[in-house]
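Q: Any chance you can model this:
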Amino acid sequence: MTIVIEPCFGESEHFDASLSLLESQLQRSLHSELAQSENTSFLLLAKSSDNDFVGGLAAGTSYDWLLIKLLWVNNENRGCGIGRSLLSTAEKIGLEAGCHSAWLDTSNPIAEKFYRLNGYIEFGRLENESEHTPPTHKRWFLKKAL
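A: All right, here's what the predicted structure looks like:
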């Protein structure tokens, strides 16, 4: 058998389908090999009264942990409580799914402060060295007991 490694970048037309297939296959393998809780993925969408998309959150549960994969609110609606509402709704869903804690990572210093204000604490950090680009880049890993 010959194996071909095929790069698939975010701009390609089949990226999302390929990513979904990869994630489902990994979940299936993990479920058959390791004792674990139910794995779920979910999205929360924030829309204006005009039905305009203003923000959202993607998350998943695994091993009784809630993983906040991404959270975004458009610039015009930041500071209005939408991010906090998305985060607290995700945490409630995590609790209902049996999660004891939540975790996430961010490289945005403003987001890092936002998460800390919402009860998250740092448990790890990656930082670039002075010769890396950009030299000031950091990625914070944060968690919160639910």
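Q: Break down this protein into its strands, ranges please.
A: Taking DSSP state E to define them, one finds strands in the chain at 40-47, 53-62, 65-73, 101-106, 121-127, 138-145.
Q: got CSV for those, with mean pLDDT, mean neighbour count and distance to residue 26 too?
A: (Glycine included, C-beta is placed from N, CA and C.) CSV is the format used below for the strands of the chain (pLDDT from 0 to 100; neighbours: other Cβ atoms under 10 Å; distance: least, Cβ to Cβ, whole Å):
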stretch, mean pLDDT, mean neighbour count, distance to residue 26
strand 40-47, 94, 14, 12
strand 53-62, 95, 19, 10
strand 65-73, 97, 19, 14
strand 101-106, 98, 19, 18
strand 121-127, 97, 11, 22
strand 138-145, 97, 16, 21
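Q: Centroid-wise, who is the farthest residue in the chain?
A: Most distant from the centre of the chain: residue 1, at 36.6 Å, with distances by Cα atoms, centre = their mean.
Q: Next one: it from residue 98, what distance?
A: Between residue 1 and residue 98 the computed distance is 41 Å (Cβ to Cβ, to the nearest Å).
Q: same question, residue 88
A: For residue 88 relative to residue 98 (Cβ to Cβ), the value is 18 Å.
Q: Please identify which of the strands of the chain is closest to residue 25.
A: In terms of Cβ to Cβ, the element of the strands of the chain nearest to residue 25 is strand 40-47, at 14.1 Å.
Q: between the closest one and strand 65-73, how many degrees?
A: Inter-element angle recorded for strand 40-47 and strand 65-73: 20 degrees (by axes from the mean of the first three to the mean of the last three Cα atoms, to 10 degrees).
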